[in-house]
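S.K.: Quick one, structure for this:
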Amino acid sequence: MEMNPVYKLIDFHAHHQQLPHAEAVKVIQSAIEAGIDRIVLGGTEPADWKAQVQLWIQFKGKVFLNFGLHPWWVEKFSREEIDRILKQLDQELPLVAALGETGLDFYPSKRDPARFEDQRFAYRAQLRLALKHQKPVVLHIVSAHEEARAILQEEWGASANENSSGVEQDAVVAEPTSGARSDEMARSETSVSTGALSPNKPPIILHRFSGTADDASAWLAMGAYLSFHEPKKIMKTIPIERLLLETDSHTGVHPNGWDLRPHYQKSAEIMGLAPDVFAQKLAENFNEIGYSQPQ
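M.R.: Prediction:
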């Protein structure tokens, strides 16, 4: 893939830290040598955060840290452990580029419905933390787009966070509900219309977007960026100013899963742009999101 050397490529979401450290170093070095100039890592839980930091130490300015409690990992912890993790996240967020991943994953047959309420609890708490620390938030949403938007509207709505810039630390973690809330009740809440979000909201990134065209429109109306792990026709309907690309590369992905260049090439064709112009536009999106962290 021929690219103007002025315009480097950006992988907006990868999980190289899940590899053994020496292997992850080789993968990132190969990516950098191939012109993938910046890599945003997706976080899952505290041990994962630690592995990210080890890579960041070796690749400062190239690797960007995301710390969050992923909805899959919510199922691995008790509510007491989740509370401790959220308090740790509150302390460590100032040191990273973004909060993520968080969100809701209600994929049938793969997730435990008995833990959906814990997913909601962790999602709300992390939205509050992102708002408190003014960090971009990376969302993992599967089979739950409507409810995820409704919760976001409740937490970040224009009238929902009048004191959001001064949230008390003890109030950061969402209060547990009294008793298990039924899925029917949760679904009824999604009928809340999504309106304007608080003007001081951080950027929202839908990682590995899997929703419908209607979902895309609704998220875009809330100011979100949509990130794609493979070229899709729906990308043609997304404003270039709200489009991101990623590999979502992790253990189990083919050996060259880090190589974003074919994705950029095909996606540029879908968008009707020259590859270098396309790469420049996505670099501008990176800057607009404001991924920054202490060096």
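
S.K.: Moving C-terminal from the strand ranked longest in the chain, which element do we reach first?
M.R.: Ranked by number of residues, the top strand in the chain under DSSP state E is strand 98-105. Next helix or strand after strand 98-105 toward the C-terminus (DSSP states H and E): helix 116-133.

S.K.: For the spatially closest residue to Pro94 that is not a sequence neighbour, report the pLDDT, please.
M.R.: In space, and not counting its chain neighbours, Pro94 is closest to His133: 6.2 Å by CB to CB, 6 or more residues apart in numbering. (Glycine included, C-beta is placed from N, CA and C.) In this model, His133 is scored at 96, pLDDT.

S.K.: Now do the contacts for His133.
M.R.: By CB atoms under 8 Å, 6 or more residues apart in numbering, His133 lies in contact with Asp90, Leu93, Pro94, Leu99.

S.K.: Likewise for Ala268?
M.R.: Ala274, Pro275, Val277, Phe278, Ala279.

S.K.: 6 Å - rerun?
M.R.: Pro275, Phe278 (CB atoms under 6 Å, 6 or more residues apart in numbering).

S.K.: Off-centre distance for the strand or helix carrying it?
M.R.: Element membership for Ala268, per DSSP H and E: helix 261-271. Centroid separation for helix 261-271 versus its chain: 21 Å, with CA atoms, centre = their mean, to the nearest Å.

S.K.: Now do the same for the helix or strand following it: mean pLDDT, whole number.
M.R.: Downstream of helix 261-271, the next assigned helix or strand under DSSP H and E is helix 275-289. Averaged across helix 275-289, the pLDDT comes to 96.

S.K.: returning to that earlier point: can you tell me which of the contacts of His133 are in strands?
M.R.: Counting by DSSP E, the contacts of His133 contribute Leu99 to strands.

S.K.: From the contacts of His133, keep the buried residues only.
M.R.: Asp90, Leu93, Leu99 (16 or more other CB atoms under 10 Å).

S.K.: average model confidence for the longest strand of the chain?
M.R.: 98.

S.K.: Same question for stretch 27-42.
M.R.: Here the average pLDDT along stretch 27-42 is 95.

S.K.: Same question for stretch 136-145.
M.R.: On average, stretch 136-145 scores 98.

S.K.: Quick one: residues in contact with it.
M.R.: With CB under 6 Å, 6+ apart, stretch 136-145 has contacts from 66, 71, 98-101, 103-107, 130, 148, 202-207, 210-211, 215, 289.

S.K.: ok so, going back, from Asp83, how far off is the residue nearest to Pro94?
M.R.: 18 Å (CB to CB, to the nearest Å).

S.K.: ok, now Lys62?
M.R.: 34 Å.

S.K.: Same check on Pro275?
M.R.: The value you get for Pro275 to Asp83, if CB to CB is used, is 47 Å.

S.K.: same deal with His15?
M.R.: 25 Å.

S.K.: Now do the buried residues in the helix or strand containing Glu154.
M.R.: In the assignment (DSSP H and E), Glu154 maps to helix 145-156. For helix 145-156, the buried set under the neighbour-count rule, 16+ other CB under 10 Å, comprises His145, Glu146, Glu147, Ala148, Arg149, Ala150, Ile151, Leu152, Gln153, Glu155, Trp156.

S.K.: and it with helix 116-133, angle?
M.R.: 40 degrees (axes from the mean of the first three to the mean of the last three CA atoms, to 10 degrees).

S.K.: Would you mind getting the angle between helix 145-156 and strand 98-105?
M.R.: Using the same axes, to 10 degrees: helix 145-156 against strand 98-105 is 130 degrees.

S.K.: Bridged to the residue positioned nearest the centre of the chain, which residues?
M.R.: Centroid-nearest residue in the chain, with CA atoms, centre = their mean: Val138, separated by 1.8 Å. On the basis of DSSP bridges, Val138 is bridged to Gly100, Ile205.

S.K.: roughly how far apart are it and Phe116?
M.R.: 20 Å.

S.K.: Check Ile205 too.
M.R.: Taking CB to CB, one finds Ile205 at 23 Å from Phe116.

S.K.: ok, now Glu92?
M.R.: Counting by CB to CB, the gap from Glu92 to Phe116 is 26 Å.

S.K.: ok, those two, which is more surrounded?
M.R.: Phe116 (22 against 15; other CB atoms under 10 Å).

S.K.: Report how many residues lie close to the residue lying closest to that one once chain neighbours are set aside.
M.R.: Spatial nearest neighbour of Phe116, chain neighbours left out: Phe106 (6.2 Å); criterion: CB to CB, 6+ apart. Using other CB under 10 Å, Phe106 has 19 neighbouring residues.
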